[in-house]
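1. turn this into a model:
(2 chains, ligands or ions: 1)
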Amino acid sequence: MAEEIKITVTRYNPDKEAELKTQTFTIPYHNDWSILDGLNYIKAELDGTLTYRWSCRMAVCGSCGMMVNGTPRLTCSTYLNEFYPGEITIEPLANFPIIRDLVVDLTDFMDKLKEVKPWIIRKNKSDENDTSKEYIQTTAQMDKYYQQTLCINCTLCYAACPVYGLHPDFIGPAVIALGYRYNNDSRDQGKDERRKFLASEDGVWKCTVVGDCTEVCPKHVDPSAVIQRTKVDNATNWFFSFLKGKK
Amino acid sequence: MKHTDNSITEPTKTYRRIMPNTWWLKKGSYTLFMLRELSSVFVAIYAIFLLIRLCALSQGAEIYNSKTAIFNSGWMIALHAVMWVFIMYHMITWFKISGRIFGKKPLSPGLVTIANYIVWVVVSVVLFLIITKG
Ligand code: FES
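-> Down below sits the predicted model:
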């Protein structure tokens, strides 16, 4: 008999149900199938109504994040063989409202993403439209923020963060990491503008250093360290402006 | 078939999950985090004890001995042993975190953490020498 594996998924249809349900499917086991391949098999062969997000299948687009046996993972780069012969439970990403089955509502994240102003800000606004200027950057300067450019906005870090789960107003790991990325770009001059948002009540100081955001990040952006560095930067800035009598 | 205008999106009815109060028991890393938070209480208690001793010390040897006699009782020694374990855990976790914060190139996280331990050992030895020789 061909090998099989059981996958239990969360089901939720807002038009029909008030509560979440689970449904278990038995699918063929292939050593080289990702969990996403398994979900695609269910959708194609067993139940076409199963709803989930995916696109690139190569850990680039960041849309296939789900809770795999309780841990936020990209399902396109998590393989059945990691769990076989055990069973797999797939739930929608924790801490986000569920729209349907395994699809979560990312509106809150998208709004925060805009607020951190993830673009190069120049003090002289005319610089931003002046394409004749060249802003040369050395490799060492780029090294300061390169790691944080790798973020794919998969929001696994939000699903891993109990602070975000308890206080949904918290700006959250990926958005702070993106703010750090631009703040540390030698071409950028928008640190003070972003500080209002990053050092606000719902900003970096809400983080209590659980550290799971860094553990689950598939791109090794290390949001946890970046949040603490942003705290150090804000505290230093406050201290010096206090000394100068600005505060 | 009813025709719908795709440009208008209906407000979606979403399902919100509530985090149970026992969320921190669900994962080892969350439990360790809570223990680190709890360790701060022991750090604070120790600081208060230290202040009590310093106040008593400023009032002379006799008053110091009478006011701090309680610290020699069995349950106090047991409490200090528990506090020591939590304070060590507090220190180890924060040394590790400081490595991650300040361990940027050209430094490495390991190097920063080790530097913390070296400073800790040096300060402890100096204090020990001052107390025993002084
Ligand atoms: S499908 Fe794009 S990251 Fe998984």
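2. use CA for all of it now, contacts and neighbours both
-> Will do.
3. residues contacting residue 71?
-> If you meant another chain, say so; for now it's chain A. Under the criterion of Cα atoms under 8 Å, 6 or more residues apart in numbering or on different chains, the neighbours of A:T71 are A:A160, A:V216.
4. sorry, should have said chain B
-> The neighbours of B:F71, taking Cα under 8 Å, 6+ apart as the test, are B:I77.
5. 10 Å instead, please
-> B:F49, B:R53, B:N65, B:I77, B:L79, B:H80 (Cα atoms under 10 Å, 6 or more residues apart in numbering or on different chains).
6. near the ligand, from the residues you listed?
-> Applying Cα under 6 Å from any ligand atom to the contacts of B:F71, one finds that nothing falls near the ligand.
7. distance of the nearest residue to B:V43 once chain neighbours are set aside from chain A?
-> Using Cα to Cα, 6 or more residues apart in numbering or on different chains and skipping the chain neighbours, the partner closest in space to B:V43 is B:I87 (6.0 Å). With distances taken as Cα to the nearest Cα, to the nearest Å, B:I87 is found 17 Å from chain A.
8. for B:M76, same thing?
-> To chain A, B:M76 is 31 Å away according to Cα to the nearest Cα.
9. got the contact list for A:I171?
-> Per Cα under 10 Å, 6+ apart, neighbours of A:I171: A:108-109, A:111-113, A:115-116, A:158, A:164, A:197-204, A:206-207.
10. now do the same for it: helix, strand or coil?
-> Secondary structure assignment for A:I171 (DSSP: H, G, I helix; E, B strand; the rest coil): coil.
11. ditto for the one 10 residues further on
-> Using three-state DSSP, the three-state assignment for A:R181 comes out as helix.
12. CA-only coordinates of the longest helix anywhere in chain A in CSV, if you can.
-> As assigned by DSSP state H, the longest helix anywhere in chain A is helix A:223-243. In CSV, the C-alpha atoms belonging to helix A:223-243 read as follows (Å, rounded to 0.1, in the frame of the first residue of the first chain):
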residue,chain,number,x,y,z
PRO,A,223,13.8,41.4,14.3
SER,A,224,14.3,40.8,18.0
ALA,A,225,17.9,42.2,18.0
VAL,A,226,16.9,45.1,15.7
ILE,A,227,14.0,46.1,18.1
GLN,A,228,16.5,46.2,21.0
ARG,A,229,19.0,48.2,19.0
THR,A,230,16.2,50.7,18.1
LYS,A,231,15.5,51.0,21.9
VAL,A,232,19.1,51.7,22.5
ASP,A,233,19.1,54.3,19.7
ASN,A,234,16.0,56.0,21.0
ALA,A,235,17.2,56.1,24.6
THR,A,236,20.5,57.6,23.5
ASN,A,237,18.7,60.1,21.4
TRP,A,238,16.5,61.1,24.3
PHE,A,239,19.4,61.3,26.7
PHE,A,240,21.4,63.7,24.4
SER,A,241,18.4,65.9,23.6
PHE,A,242,17.7,66.0,27.4
LEU,A,243,21.3,67.2,28.0
